[in-house]
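1. Turn this into a structure:
(chains A, B, C and D)
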Protein chains: 2
Amino acid sequence: MPMQMSGPLAALDKWQPDGCSMAMALDIIGTKSAMLLLREAFYGTTRFDGFVRRVGITEAVAAKRLKELVEAGLLEKRPYQEPGSRTRYEYVLTEMGNALLPVIVALMQWGDTYLRDGEGPLRVVSAETGEPVSVRVAPSGTDSLGPEGLAVRINRKG
Amino acid sequence: MPMQMSGPLAALDKWQPDGCSMAMALDIIGTKSAMLLLREAFYGTTRFDGFVRRVGITEAVAAKRLKELVEAGLLEKRPYQEPGSRTRYEYVLTEMGNALLPVIVALMQWGDTYLRDGEGPLRVVSAETGEPVSVRVAPSGTDSLGPEGLAVRINRKG
DNA sequence: TGGCTGAGTATGCTCAACGCAAGTCAGGTG
DNA sequence: CACCTGACTTGCGTTGAGCATACTCAGCCA
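-> Coordinates of the predicted model:
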């Protein structure tokens, strides 16, 4: 059962999903390499050749994607200096980049559940308690909802 | 601050993220058209030309992606019959497809927040109460966590 | 029997994503 | 001062994603 489309949205043949936020998001992070670079950033990778090695892409692709992610505001390029080396740059998630955490974790868990029978190589848990975490769609403080528990409304400012 | 990588995972230069579930997931839904088709399925679109019109892709691309999504098990092709028409097929989300809801909603909300100052065209709310929903990463029944509140462990069968 | 419609298929093209290989460039080490 | 290393850049070829146009095919309708 799909989401409930409220009011004028109910007639799917009468409106177009123009300017969809998801489509805009995908223009930035819609490539596999961009997603995997972000995964690495969440894992704590910061340096160019770390990204290259761990994502398994070429330097050319890494350079291009990292530049795009910096321009889009998801990563910040900041100088650092190791003793006995010249100043270099590392790539660190901004608040905007950090906010993609639910997307990354949701994708991982979906993959674990449906593409490998619930047994992925890694597990994401609470750092404090060690409890497994899950990604949920819900109003604050309540149980999570499926599509049939959700409705889509036209957004009016206010 | 990134996630806490536990034990052997802490040395990022000593292991490779092989067989990552997210990478596998992206092999299926890693294209913009696949994602937008899924969005439409959540909105309630079921018919071929509905997908074509609303996603704004060509019939050729729609046919290819829909076939892939059916083969991957995210959509189910099921016969239906309108009075005075012959039997046709519609595309409906399977449980596996439904489980992608958090990914779609998370992307929408991220786009709303960071690409349009919190004012996207649509809003996802609880069908029952009308309250706005959000996507959260957390252990059941607790507050949501950011990257710094999460840890990554090697998964051992239990 | 000939058209109409919904659901595709077929063909041809462009551009983006990516890989491989080689070159550049700045600065620190021997 | 030559060399090395990390961080890229450049060039070239392949594959996949996407558009546009045209065509097919089944069955209902006149």
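
2. CA atoms for contacts and neighbours, from now on please.
-> OK.

3. check which helix or strand covers the residue of chain A positioned farthest from its centre.
-> Note on chain A: the largest separation between a C-alpha and the mean C-alpha position, by C-alpha atoms, centre = their mean, falls on A:G84 (35.8 Å). Taking DSSP states H and E as the definition, one finds A:G84 inside no helix or strand.

4. where's it relative to B:S126, distance?
-> 57 Å (C-alpha to C-alpha, to the nearest Å).

5. One more: A:P2?
-> According to C-alpha to C-alpha, A:P2 and B:S126 sit 13 Å apart.

6. of those two, who's got more company?
-> Using other C-alpha atoms under 10 Å in any protein chain shown as the criterion, A:P2 and B:S126 rank with B:S126 on top: 24 against 20.

7. and the closest residue to the more buried one other than its chain neighbours, backbone torsions?
-> With C-alpha to C-alpha, 6 or more residues apart in numbering or on different chains as the criterion, B:S126 has its nearest non-adjacent residue at 4.7 Å, and that residue is A:L150. Listed backbone geometry of A:L150 is phi -110, psi 150, with angles given as degrees, to the nearest 10.

8. Please look at A:L150 and B:R123 and confirm they touch.
-> No - assessed by C-alpha atoms under 8 Å, A:L150 is found out of contact with B:R123, at 10.1 Å.

9. More neighbours: which of these two?
-> A:L150 (24 against 18).

10. A:V135 in helix, strand or coil?
-> Following DSSP: H, G, I helix; E, B strand; the rest coil, we place A:V135 in the strand state.

11. Quick check: it vs DNA strand C, distance?
-> Taking C-alpha to the nearest atom of the strand, to the nearest Å as the criterion, A:V135 is separated from DNA strand C by 25 Å.

12. so who does that residue touch?
-> With contacts defined as C-alpha atoms under 8 Å, 6 or more residues apart in numbering or on different chains, A:V135 is in contact with A:P102, A:V105, A:A106, B:P102, B:V135, B:R136, B:V137, B:A138.

13. and if you look at A:K14?
-> Contacts here follow C-alpha under 8 Å, 6+ apart; on that basis A:K14 touches A:P8.
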